[in-house]
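**Student:** Provided below are the primary sequence and the corresponding predicted coordinates.
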Protein chains: 2
Amino acid sequence: MINEKMKNYGNNRSVIRDLFEFGNQRKAIVGADNVFDFSLGNPNVPAPKEVNETIRELLDTKNDIYLHGYTSAQGDAACREAIVKDLNKRFNTSFRKENLYMTCGAAASLKIILTALYAEGDEVIVFTPYFPEYKVFVETTGAKVIETPSDPSSFQIDFEILEKNLTCSTKSVIVNSPNNPSGVVYTEETITKLAALLEKKQQEYGHPIYLITDEPYRELVYDGIQVPFVTKYYRNTIVCYSFSKSLALPGERIGYVLVPDEIDDSKDIYAAVCGAGRALGYVCAPSLMQHVLERCTGLVSDLSEYLEKRDLLYNALTDMGFECIHPDGAFYLFMKSPIEDAKEFSEKAKEFDLLLVPADSFGTPGFVRIAYCVATDMIRRSLPAFEKLAAVYRK
Amino acid sequence: MINEKMKNYGNNRSVIRDLFEFGNQRKAIVGADNVFDFSLGNPNVPAPKEVNETIRELLDTKNDIYLHGYTSAQGDAACREAIVKDLNKRFNTSFRKENLYMTCGAAASLKIILTALYAEGDEVIVFTPYFPEYKVFVETTGAKVIETPSDPSSFQIDFEILEKNLTCSTKSVIVNSPNNPSGVVYTEETITKLAALLEKKQQEYGHPIYLITDEPYRELVYDGIQVPFVTKYYRNTIVCYSFSKSLALPGERIGYVLVPDEIDDSKDIYAAVCGAGRALGYVCAPSLMQHVLERCTGLVSDLSEYLEKRDLLYNALTDMGFECIHPDGAFYLFMKSPIEDAKEFSEKAKEFDLLLVPADSFGTPGFVRIAYCVATDMIRRSLPAFEKLAAVYRK
């Protein structure tokens, strides 16, 4: 009497959730300070102060129908206008508010664009490692995820494998840079090569291949690294964005899908985005937050804390002999398991109350993800535990 | 290259939207005061003052990680606890927070429970007239809507037709009382008879038939009418709710699915609800509003204004000779078209700048829906136009 697939999605919530539950149990026994939970990608910096100031000002000056009433399904016009204005200024683009569809966050953005594009039998290319929910979103449209391994030395795209995986059934390719879980940012060289390959394949197959760029971590980069704005490199690009990380508002569920005029069948795709939002039960993005965005888009939380955390952890762990991918963005450290089986390694880490996510569910066995969006003090206190863990595998 | 179904959902936004666009064009020509737009079900009363006071207090006393951070997927525990406590007090029930799954509003609640239960070939019974989005939500699960006409004299359930429509493929029945678009509230007698019939059919078919009750208008009733709380009459009841109307927060997208312990396969259904929320891209319900609900659940906006509007409009229109269903709840007046074709009647009404929604898309031809959640003054000013419209059809 139940949709079994949904039951399974509900019951198999993910390794991350299991670790989180384990952590809570351990905290009750050994004390919260002695459990080092690196499992969750929950930003731990406050929103820019303007966000709460704007909420107060809105409450003081606007009526409730404006504040809390429905907006149009595609989003409040003034909010969309402010967002495209900011994008155009930063990236020298010329988007119009009609290109933007406001959503309840990045997960909703992705689910909506995939539902708008996909039907039974179509293929989506994703690069491993990748956010495991992609698979859930794609599978429930009847389409198929084609896992495409990245170059294991850099976690940039391996173009030889990609070219093999691009078939006539490929409707789109999803890129996520800065990447969850690897922290890698695609270089301009990678994006340029990707654009050239997709352009060639579009010609060859005689139909568009859309590049869906999932970029909630766009502003979260270090050392002055530039994240190429992909629409400028490849015409058939659709952008999915969330303000969860840049404004540190993950619980408020606010983001967008950007469907540029330049892409093939732009109007039809925008219509299908509206239709998918409707069919999935999204009526509009939360209204108060849309009004906040009208006034706060373009601001970014103080992310400098993450740099300190990254350096502290990366340096300490590599000094201990662990192999880590140097993260240029996001707040994840991707660490090679010293043994082949990363699940076994994660189990061993639990003995030292270190909660590290084995990356098997991200499609890349042999690694763990360490989310360092945690108190810097906790990172410091965790280092002796990491040291003990390292000692286990030292020959 | 596009999912055609989604494109169509996006392009055929509904008669309501077309009327709205027409209204905007006319307003530009004849002035906003001379267009009488009764097309939209957008509450026009403010939220209880405690809502904005609570937001201010939260901003003053809580940190951003609490305010704007992720909650668990099923919703913040304290919020769910407050909601079930309020329900238990009001309805003498014994729900636990584990029965509640917070959603982004009633549309999300319905889409999630339908996705959790349904697969290709299953049937859902809905009573006409019904909210047209039901069809979109059901069709995209692969299931089939079985439109079941109500008793045309009262718009209560016609049990003879219902019994014929209840087949072995019926997994659930959706009721929406107070009803959009008819304003009708199901009596205790209707609910009791419905429960008995479903109980009988469950026995006959040897599997549960779930009663899904979609009740965003639960508190919006007049003349001391009681809305039976359906879980008390039928064991296999699942409740979908939204705070859009009771707290006048339609844009904030906040509601819930309630899966009681008593229903068959309760735990599996709750898991499937979690799985469906996940697969549909809902990560959590908006966090700030969940914290508001923890403190404001059970409050109701001042809905007395709607009573005045209802009486004014109902009395005036029936005096003019129009036949209307007397609305016991919600903010819709369901009026019989004086000619068979309600679309033609709606077109005629447009000539007098009266925007009335023909109910064909609600599954009940021959009627129009008049949403009276508008300024009382506009209702008064619209009456001469209604009088002119009535005169057209007077013999």
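**Tutor:** Alright, I've got the coordinates.

**Student:** what does the stretch 101-250 of chain A put close to chain B?
**Tutor:** Within the stretch 101-250 of chain A, the positions near chain B by C-beta under 8 Å from any C-beta of the partner chain are A:104-105, A:107-112, A:115-119, A:133, A:136-137, A:140-141, A:171, A:207-208, A:210, A:248-250. Just so you know, the C-beta spots here come from the backbone N, C-alpha and C atoms, and that holds for glycine as well.

**Student:** swap the cut-off to 6 Å and go again
**Tutor:** A:104-105, A:107-108, A:111, A:116, A:119, A:136, A:140, A:207-208, A:249-250 (C-beta under 6 Å from any C-beta of the partner chain).

**Student:** Show me chain A divided up by domain.
**Tutor:** If you go by automatic domain parsing, the domain ranges for chain A are A:4-47+A:302-393, A:49-296.

**Student:** Of the ones you listed, flag the one that's most buried.
**Tutor:** domain A:49-296 (a mean of 21; mean count of other C-beta atoms under 10 Å in any protein chain shown).

**Student:** end to end, how far does that domain reach?
**Tutor:** 10 Å (C-alpha to C-alpha, to the nearest Å).

**Student:** Which stretches in the stretch 51-200 of chain A count as helices?
**Tutor:** Assigned by DSSP state H, counting those that start in this stretch, the helices in the stretch 51-200 of chain A fall at A:64-68, A:77-91, A:106-117, A:133-139, A:159-165, A:188-205.

**Student:** For whichever residue of the stretch 51-200 of chain A sits closest to chain B, list the residues it contacts.
**Tutor:** Here the residue of the stretch 51-200 of chain A nearest chain B is A:Lys111; by C-beta to the nearest C-beta that distance is 3.0 Å. Neighbouring residues of A:Lys111 by C-beta atoms under 6 Å, 6 or more residues apart in numbering or on different chains: A:Phe137, B:Gly281.

**Student:** at 10 Å what do you get?
**Tutor:** Taking C-beta atoms under 10 Å, 6 or more residues apart in numbering or on different chains as the criterion, A:Lys111 is in contact with A:103-105, A:133-134, A:136-138, A:140-141, A:240, A:276-277, A:280, A:282, B:278-282.

**Student:** Against A:Tyr118, how distant is it?
**Tutor:** Taking C-beta to C-beta, to the nearest Å as the measure, A:Lys111 falls 11 Å from A:Tyr118.

**Student:** Between the two, which contacts overlap?
**Tutor:** A:Phe137, A:Val138, A:Thr140, A:Thr141, A:Ala276.

**Student:** Next one: the helix or strand harbouring the last one, is it in contact with chain B?
**Tutor:** It refers to A:Ala276. Per DSSP states H and E: A:Ala276 is located in helix A:266-279. Yes - against chain B, helix A:266-279 shows contacts by C-beta under 10 Å from any C-beta of the partner chain at A:267-279.

**Student:** these two touch, right, A:Tyr314 and A:Asp328?
**Tutor:** No - taking C-beta atoms under 10 Å as the definition, A:Tyr314 is not a contact partner of A:Asp328, at 11.2 Å.

**Student:** And the strands in chain A, which stretches?
**Tutor:** A:36-37, A:100-103, A:123-128, A:144-149, A:170-175, A:210-214, A:237-242, A:255-258, A:324-325, A:332-336, A:354-355, A:357-358, A:367-371 (DSSP state E).
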